[in-house]
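**Student:** Next one to model:
(one chain, ligands or ions: 3)
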Amino acid sequence: MIVMEKITKTILPKVIRNRPANSFKGTYGKIVLIGGSQNFGGAIIMASLAAVYSGAGLVTTVTNPTNQSSLHDWLPEAMFVDDNEFEKAAPIISAANVVVIGPGLGTSDQALALLKKTFALAKTGQVFVIDGSALTLIASNKLSLPKESLNVLTPHQMEWQRVSGIKIADQTAAANLAAAKKLNAIVVVKSHRTQVCVNDQVYENTGGTPAQATGGMGDTLAGLIGGFTAQFENKDQAVLAAVYTHSAIADELARKQYVVLPHQISEALPEFMFKNQARGTITG
Ligand SMILES: NC(=O)C1=CN([C@@H]2O[C@H](COP(=O)(O)OP(=O)(O)OC[C@H]3O[C@@H](n4cnc5c(N)ncnc54)[C@H](OP(=O)(O)O)[C@@H]3O)[C@@H](O)[C@H]2O)[C@@H](O)CC1
Ligand SMILES: Nc1ncnc2c1ncn2[C@@H]1O[C@H](COP(=O)(O)OP(=O)(O)O)[C@@H](O)[C@H]1O
Ligand SMILES: [Mg+2]
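**Tutor:** Numbering: from 1, shown residues only. Ligands and ions are numbered 1, 2, ... in the order given. Next up, the predicted model:
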C-alpha cells in the first residue's frame, strides 16, 4: 500500500525564494505557451496570465491569430507568435526553459502537427508541461512523450483515463504511480483532491474548493506550473508548490466568493507569493 504524503503550506518557503538583487528578467526563465485554437483562445490566455503573474521572466504565447488582440488586452507582457508560422516559433521554443503545450489546442490535424513538431524540438534541461488537448492527442495518436525533457502531465481524470488506460474508478494512488513511472513523467492527476506522482511518491493536495469547478481552472494551473518550474531550481518541489498555491488562493477567495474565476487566481499570485516567500536572502 502507498502512504501518501500531504502537500501543505510548508512547501511554499522551500520553493518561493527571495529574488536576488543582482538579477534580470532572464534569471526568471523563458516560457513558451502553445495552444488556443479559434474556439478555445481563452484557455491559452488564462495559462499565459498564470505564467506572467507567477513571475516568469519572459513569456511567449503561440496561438491562433484570432486570439492576438484578446491576449494583448489581457496581457501586454506576453509576446505573440502566430501558430501557423512554426519557423518563427521554433527558435523561441528551442531557447525556452519551459514549454507549456495543450490548453485549448484542440484536436484538429493542425493541432496534432504542431504538437509533433514541438515535441521534436525538446532538449535536455527543458521542462514540458503537457495539458488539455495535448494529452487527448497523445492518447488518440499513441504519441510518445519527448525523451529529452522533464515532462509534467496535468490531466483531469478523463484525460488520465485516455492517456493511462486506467478507468476513473480505478485511479488509485498505486495505479497512478505505476503508470506515471512507466511514462517517466511527473503526473498531476487533478480532482477535488489532486494527486501528484513524483518519482516513487504520491503526494495528495490538502487544498481546493468546489468554487474552483469552472472552465479554465486547469489551464491556469498549467501556466502556474510553467511559471514555477521556470523560476525555481528544484522542479519536483516547484510542481508541488504550484499545485498547492493554485488551491490555497482559491480557498482564500472562496471564503468570500461563491465561485472563483481562473483569472482571479492569477491576479492574486503576486501578493500570495510575496507573503509566502522564503525568509532571508537566498543567493544564486
Ligand atoms: N475558455 C476556454 O477556452 C476553455 C478551453 N478549454 C480547453 O478545452 C479543451 C478540452 O478540454 P475539456 O476538459 O473541456 O474536454 P475533454 O478533454 O473532452 O474532457 C471532458 C470530458 O471528460 C469528462 N470528465 C470526467 N471526469 C472529469 C473531470 N474530473 N474533469 C473534467 N472532465 C471530466 C467530462 O464529463 P462530463 O462533464 O461530460 O460529465 C467530459 O466528457 C482543452 O484543450 C481545454 O484546455 C477548457 O479548459 C474550458 C475553457
Ligand atoms: N470540487 C473541486 N475541488 C477542488 N478543486 C477542483 C474542484 N473541481 C475542479 N477543481 C480543480 O480545477 C481544475 C480543473 O482542471 P480542468 O478540468 O483541466 O479544467 P479546464 O480544462 O477547464 O481548465 C483542477 O486543478 C482541479 O483540481
Ligand atoms: Mg483542462
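**Student:** and the stretch 51-200 of the chain, which of its residues are near ligand 1?
**Tutor:** Taking Cβ under 6 Å from any ligand atom, the part of the stretch 51-200 of the chain that reaches ligand 1 is made up of 102-105, 132-133, 136, 156-159, 168, 191. Quick note: C-beta positions are derived from backbone N, CA and C, even for glycine.
**Student:** now do 5 Å
**Tutor:** When proximity is defined by Cβ under 5 Å from any ligand atom, the stretch 51-200 of the chain lies next to ligand 1 at P103, G104, G132, S133, H156, Q157, M158.
**Student:** The first one against A47, yeah?
**Tutor:** Put plainly, it is P103. Yes: in this structure P103 lies within contact range of A47 using Cβ atoms under 8 Å: 4.4 Å.
**Student:** Need the overlap of contacts for the two.
**Tutor:** Taking Cβ atoms under 8 Å, 6 or more residues apart in numbering as the criterion, P103 and A47 both touch L33, G35, D131, D219, A222, G223.
**Student:** Look up how far ligand 1 lies from the fifth one.
**Tutor:** Right, the one you point to is A222. Using Cβ to the nearest ligand atom, to the nearest Å, A222 is found at 8 Å from ligand 1.
**Student:** Average pLDDT for the helix or strand harbouring that residue, rounded please.
**Tutor:** A222 is part of helix 217-231, with elements assigned from DSSP states H and E. What helix 217-231 shows for mean pLDDT is 98.
**Student:** Can you name the residues that contact the closest residue to ligand 3 within the stretch 51-200 of the chain?
**Tutor:** With distances taken as Cβ to the ion, the stretch 51-200 of the chain approaches ligand 3 most closely at G132, which sits 4.4 Å away. For G132, the contact set (Cβ under 8 Å, 6+ apart) comprises G35, A43, G102, P103, G104, L105, E159, G218, D219, A222.
**Student:** A90: neighbouring residues, count only.
**Tutor:** For A90, the neighbour count with other Cβ atoms under 10 Å is 15.
**Student:** Tell me who's in contact with the residue in the stretch 151-284 of the chain that ligand 3 sits nearest to.
**Tutor:** In the stretch 151-284 of the chain, the residue found nearest to ligand 3 is G218; the distance is 3.3 Å by Cβ to the ion. Residues touching G218, when contacts are defined by Cβ under 8 Å, 6+ apart, comprise P103, D131, G132, T154, H156, K190.
**Student:** tell me the SS of the first one?
**Tutor:** Under the three-state scheme (DSSP: H, G, I helix; E, B strand; the rest coil), P103 adopts coil.
**Student:** From the contact counts, what lies against the helix with the most length in the chain?
**Tutor:** Residue-count comparison of every helix in the chain, with assignments taken from DSSP state H, identifies helix 235-254 as the longest. For helix 235-254, the helices and strands in contact under the criterion 3 or more Cβ pairs under 8 Å, 6 or more residues apart in numbering; DSSP states H and E are strand 5-7, helix 11-15, strand 150-153, strand 186-189, strand 195-198, strand 201-205, helix 217-231, helix 262-276.
**Student:** tell me the angle that helix makes with strand 201-205.
**Tutor:** With axes from the mean of the first three to the mean of the last three Cα atoms, to 10 degrees defining the directions, helix 235-254 sits at 10 degrees from strand 201-205.
**Student:** between helix 235-254 and helix 262-276, what angle do the directions make?
**Tutor:** For helix 235-254 and helix 262-276, the angle between their directions (the same axes, to 10 degrees) works out to 110 degrees.
**Student:** Any residues of the protein in contact with ligand 2? List them.
**Tutor:** The chain has residues 156, 190, 192, 194, 208, 210, 212-213, 215-219, 221 near ligand 2, with proximity defined as Cβ under 5 Å from any ligand atom.
**Student:** what separates the residue in the stretch 151-284 of the chain positioned nearest to ligand 2 from ligand 1, distance-wise?
**Tutor:** Residue of the stretch 151-284 of the chain nearest ligand 2, by Cβ to the nearest ligand atom: G218 (2.1 Å). According to Cβ to the nearest ligand atom, G218 stands 6 Å off from ligand 1.
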